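Colleague: predicted model, plus sequence, below.
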Amino acid sequence: MASSLIAGLELSKRLTRIGMLFERALKAELAEFGLTYAEFDVLAALSRTGPEYRMKPSELARSLMLTSGGTSNVLQRLGAAGYVERSADDGDGRSRWVRLTPEGLKVATVALEAAVRSNREVLDGVPEPAVRQAADALREVLRSVRRHTR
């Protein structure tokens, strides 16, 4: 029992540390584009939605684990930069869509390439099989954690 508790603490600490290293490297890359981490997250999420590149703000907030106020602030900044636009939802007058503009899609694509570069830099020297094994194991951990925290 004590061994599994220690392993859980080790996992938590290592995940936090690795996450901080990835985030620091990505933030440095994003600074070149004048984007914050949250702005990048929104652009990346929208770019993954397929040919329409749109979502509802509530969907964005839920998928990115942001507050509705935080999402609104990020969308305002991205809108002012010309990267997203809002439009009415014809099916629900109370709701709106957020869509990437062509310029927003360009910035999202370049920022995603920068994210890949920053991840590569952080993982430089780590054998590919170790990365794959860790990613697979963490997927299983996340799946179990989600089941027990719903």
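Modeller: That came through fine. Residues are numbered from 1 along each chain as shown.
Colleague: how near is Arg94 to Arg48?
Modeller: Separation of Arg94 from Arg48 (C-beta to C-beta, to the nearest Å): 25 Å. All C-beta spots, glycine's among them, are computed from the backbone N, C-alpha and C.
Colleague: now the most centrally placed residue in the chain: closest residue in space, sequence neighbours ignored.
Modeller: Among the residues of the chain, the one closest to the centroid is Asp41, at 4.0 Å (C-alpha atoms, centre = their mean). Closest residue to Asp41 apart from its sequence neighbours, by C-beta to C-beta, 6 or more residues apart in numbering: Leu64 at 5.1 Å.
Colleague: Leu43 is in contact with the one you found, correct?
Modeller: No: Leu64 lies out of contact with Leu43 (C-beta atoms under 8 Å); the separation is 10.9 Å.
Colleague: which of these two has more neighbours?
Modeller: More crowded of Leu64 and Leu43, by other C-beta atoms under 10 Å: Leu43, with 26 against 16.
Colleague: give me the nearest residue to the more buried one, chain neighbours excluded.
Modeller: In this structure, Leu43 finds its nearest non-sequential neighbour in Ala108, 3.9 Å apart by C-beta to C-beta, 6+ apart.
Colleague: before we move on, back to that, who has more neighbours, Arg94 and Arg48?
Modeller: Arg48 (12 against 6).
Colleague: in the worst-scoring helix or strand of the chain on mean pLDDT, what's buried?
Modeller: For the chain, scoring each helix and strand by mean pLDDT, DSSP states H and E identifies strand 92-100 as the least confident one, at a mean of 83. Along strand 92-100, these residues count as buried under the neighbour rule (16 or more other C-beta atoms under 10 Å): 96-100.
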